[in-house]
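Undergrad: Sequence and computational prediction follow.
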Amino acid sequence: MTATQERKVEAAPAESRTINLITAVTEALHEEMERDSRVVLFGQDVGARGGVFMATAGLQATFGKERVFDTPLSEAAIVGAAVGMAVRGLRPVAEIQFADYMGPGFDQIISQAAKLRYRSGGQYTAPMVIRTPSGGGVKGGHHHSQSPESYYTHTPGLKVVMPSTPYDAKGLLKAAIRGEDPVIFFEPKRLYRASKGEVPGHDYTVKIGEAAIRREGTDLSLIGYGGVMPDLERAADALGAEGVSVEVIDLRSLVPWDKELVLSSVQKTGRAVLVSEAPRISNFMGEVAYSIQAEAFDSLLAPVGQVAGFDIPYPYVQDKIYLPGPNRITAACVQALNY
Amino acid sequence: MTTSPLVEPLPVTGIQPFTKEPIRYIGEDGLPVRPLPTAYTPERLRELHSVMLRAREFDRKLITLLRQGRTTFYAQSSGMEATQVGLAHSVRPGHDWVWPYYRDHTLALALGVPMFELISQVLGSNSDPSRGRQMPHHFAARKQNFVSISSSIANQVPPATGTAMAQKYLGTDEITICTFGDGATSEGDWHAGMNMAGAMAAPCLFVCENNQWAISTNLRGQTASENIHIKAKAYGMPGFYVDGNDLVAVMEVCTHAAEWVRAGNGPALVECLTYRVGSHSNADADAEKHYRTREEVQEWLGRDPVVRVEKLLEHLGHPIGSEERANMISAVHREVDEQVIRAEATGQPDWRIMFEDVYADMPGHLREEAAMLRAEQEGGSK
């Protein structure tokens, strides 16, 4: 088989299975490598070790060292090499051990990956994926807990994705690998093993840019993404016990994001509370809040609420207090309901 | 084929890495300092001389365009013709891949990028293959595998390594050429890319066009290293040191290094010691007033790579007459004038394309923004 040929995936068992989020990531990588020999996987420790969280465990043994390999410890080189490989026709999937470490590769992401298609007038493109564990809740201090997605949502040319369920993780990662644009794929590390759910036995993708309604409701739209999603569900449960009907929305993709679904939900409920764990200033949810007030103002029964991380470097000891848990989310919802 | 006794083959093994002095074939007086390889017939040298002269006069004319306000930025490569034309000799255009830096228009011309495309880009005209997205002098040429130039310094080095890694994975006989100035070697990206290329044995030829000035910082201010090419040792690759104003030396060394890379030995670095005769850009047009001496510039003008080839041809008994030279220059000026008129006649890219090529398909938020701008521009409604 030549490297540019694509191969059809063997028919997978039709039964759905319950797996955790990191297994979904591994399965997506495995299946995409089976399907397309242009897909190569690399980063620090991704080979024999299988990555610091074991997302690539077993893949080197299956696909060989040419396709799954460790690199020097250099985010600039890892990201930059991905750009160069993509330009030459491969489908690179680079792993950065923690989103906090993307700093040295930042210029490669924003100046090369994001801009190449535009600045060359479409003569060159960089279809590539950067996978990286993101967010807090694992006692990692500020170099292993930050949520830097806004740096990347602020950069035209990049797609930015953050799933919260195994189904989405698998489907979105496959879509990212098959897509024609550079994708920053944030994986909420505290959900790697905590988030379990069903995935189909057959091949599927989840379209980047579409949000999901996790539960329908009529009184308030509770909107989040990534690691906070289980807390949104808990808050919705608590409010539900009090007779409040909460609609829970998982954005899943930040760029592009599903404005249509969010607006139609808010037009129905009249109230919105936006939740993320990134610091509040320049938080991506600010964009969502702007769109709601600009385009659904007449439907609003209360100001748009926002629950975010604090504008401090992520603390180690106060890890759990920093995160917007169910109590803070519930309080914001109550405030909106009582306005 | 000439029968000059000076034209003798030089075994490729005669080119050594890590030499104390730059490798040289033609002295500053135009006389060979070692036997010339047989490939360099006077006919071939005349051909290459015309490419150098074309690039030199392109520079002169483009500076005029700049002064006329018909473009906003230009980065000259006068004085660096031997480096870029010599390097082009080792590249197979459209087969090998090039990650260039922003002073490489001579390289682009030598690789066969049409002057019309270069001028269209500099003018940001509708005929610009990059669709007017980049500031002037940041070319991309798909047919020649000449990848889009980024303004960020050394930013092209890790991607060049990646392209070379892809070539290795795909099992092609292509190589990647990555160029940069001396200033780039101070950037983290340069070290990251060089280190990765060494560790991965990527088929990448790195070429430092050491013109000795990074805007107003000279080489001594740039690094305490004795020179650039010895840094290759740290990354496990050979480093070659060549007189960048000596066309034959650059061709020989780059070809040798490219063959070495092509044979699967991993990457190599070539340092071409040359000089940027002009200013960095129009932003420092008074370079001699602020950061370098007139004497230094004069000294390097005396090592002019174009003149050196002319002296060599004279020595070989095939001189370029003054009338012939003047005709060549007017022909280039005419060509530039014609291409400028042709490019300007295509107009400017329509504002509607502003939103294209950000992504493969235009997402909803860009469609909305495009509609908003359309309303603004056309005075209509959304």
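TA: Structure received. Small disclaimer: the values here were computed from a predicted structure and weren't measured.

Undergrad: tally of neighbours for the closest residue to B:Arg92 other than its chain neighbours?
TA: Once flanking residues are discounted, B:Arg92 sits nearest to B:Glu174: 7.9 Å by Cβ to Cβ, 6 or more residues apart in numbering or on different chains. Every C-beta, even on glycine, is put in place using the N, C-alpha and C of the backbone. Number of residues near B:Glu174 (other Cβ atoms under 10 Å in any protein chain shown) recorded here: 19.

Undergrad: Could you check the pLDDT of B:Glu174?
TA: On the pLDDT scale, B:Glu174 is placed at 98.

Undergrad: ok, now B:Glu8?
TA: 35.

Undergrad: roughly how far apart are the residue nearest to B:Arg92 and B:Val98?
TA: Distance of B:Glu174 to B:Val98, given as Cβ to Cβ, to the nearest Å: 11 Å.

Undergrad: just the helices in the stretch 201-350 of chain B please.
TA: B:219-222, B:247-260, B:287-290, B:294-301, B:305-315, B:322-345 (DSSP state H, counting those that start in this stretch).

Undergrad: could those helices go into CSV alongside distance to chain A?
TA: As requested, the helices of the stretch 201-350 of chain B are exported to CSV (distance: least, Cβ to the nearest Cβ, whole Å):
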stretch, distance to chain A
helix B:219-222, 19
helix B:247-260, 18
helix B:287-290, 27
helix B:294-301, 32
helix B:305-315, 30
helix B:322-345, 15
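
Undergrad: most neighbours per residue, which of those helices?
TA: Highest mean neighbour count among these (mean count of other Cβ atoms under 10 Å in any protein chain shown): helix B:247-260, with a mean of 25.

Undergrad: what's in contact with that helix?
TA: Helix B:247-260 is touched from outside by B:10, B:12, B:15, B:22-26, B:36-37, B:40, B:45, B:48, B:52, B:81-83, B:85-87, B:89-91, B:96, B:175, B:177, B:205, B:207, B:238, B:240, B:242-244, B:268, B:270, B:272, B:305, B:308-309, B:312, with contacts defined as Cβ atoms under 8 Å, 6 or more residues apart in numbering or on different chains.

Undergrad: ok, now which ones touch the nearest residue to B:Arg70 once chain neighbours are set aside?
TA: Nearest residue to B:Arg70, sequence neighbours excluded (Cβ to Cβ, 6+ apart): B:Leu123, at 6.7 Å. Contact partners of B:Leu123, counting by Cβ under 8 Å, 6+ apart, are B:Leu65, B:Arg70, B:Thr71, B:Pro136, B:Val340, B:Ala343, B:Glu344.

Undergrad: Worst mean pLDDT among the helices of the stretch 201-350 of chain B?
TA: Among the helices of the stretch 201-350 of chain B, helix B:287-290 carries the lowest mean pLDDT, at a mean of 80.

Undergrad: CA atoms of it as CSV?
TA: What follows is helix B:287-290 as a C-alpha-only set of coordinates in CSV (Å, rounded to 0.1, in the frame of the first residue of the first chain):
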residue,chain,number,x,y,z
ALA,B,287,21.7,52.3,7.0
GLU,B,288,25.1,53.9,6.5
LYS,B,289,24.1,56.8,8.7
HIS,B,290,23.1,54.7,11.7
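
Undergrad: What is the burial count for A:Leu21?
TA: Residues near A:Leu21, counting by other Cβ under 10 Å: 27.

Undergrad: can you pull the pLDDT of it?
TA: 98.

Undergrad: so it makes contact with A:Lys189?
TA: No. Contact criterion Cβ atoms under 8 Å: A:Leu21 and A:Lys189 do not qualify, at 9.3 Å.

Undergrad: how close does the residue nearest to B:Arg70 get to B:Gly347?
TA: From B:Leu123 to B:Gly347 the distance is 10 Å (Cβ to Cβ).

Undergrad: and what of B:Asn210?
TA: 40 Å.

Undergrad: more crowded one of these two?
TA: Taking other Cβ under 10 Å, B:Asn210 and B:Gly347 do not tie; B:Asn210 has more neighbours (29 against 10).

Undergrad: in which helix or strand would I find B:Arg54?
TA: Secondary structure assignment for B:Arg54, by DSSP states H and E: helix B:42-67.

Undergrad: helix or strand right after that helix?
TA: For helix B:42-67, the succeeding helix or strand toward the C-terminus, using DSSP H and E, is helix B:81-88.

Undergrad: centre of the chain versus that following helix, how much separation?
TA: Distance of helix B:81-88 from its chain centroid, counting by Cα atoms, centre = their mean, to the nearest Å, is 7 Å.

Undergrad: any idea of the mean pLDDT in that helix?
TA: Across helix B:81-88, the average pLDDT comes to 98.

Undergrad: now for it, which elements pack on it?
TA: Under the contact definition 3 or more Cβ pairs under 8 Å, 6 or more residues apart in numbering or on different chains; DSSP states H and E, helix B:81-88 sits against helix B:42-67, helix B:105-110, strand B:204-210, helix B:247-260, strand B:268-273, helix B:305-315.

Undergrad: let's see it at 10 Å
TA: The contact analysis (3 or more Cβ pairs under 10 Å, 6 or more residues apart in numbering or on different chains; DSSP states H and E) places helix B:81-88 against helix B:42-67, helix B:105-110, strand B:176-181, strand B:204-210, strand B:239-243, helix B:247-260, strand B:268-273, helix B:305-315.

Undergrad: what is the mean pLDDT for whatever helix or strand comes next after that helix?
TA: Next in sequence after helix B:81-88, counting helices and strands by DSSP H and E, comes strand B:97-99. In this model, strand B:97-99 has an average pLDDT of 98.

Undergrad: Same question for stretch A:137-155.
TA: Per-residue scores along stretch A:137-155 average to 94.

Undergrad: Quick check: A:Arg17 touching A:Pro166?
TA: Yes. Look at A:Arg17 against A:Pro166 with Cβ atoms under 10 Å: they come within range, at 9.4 Å.

Undergrad: Now do the same contact list for A:Tyr124.
TA: A:83, A:86-88, A:116-117, B:130, B:140, B:142, B:145-148, B:159 (Cβ atoms under 10 Å, 6 or more residues apart in numbering or on different chains).
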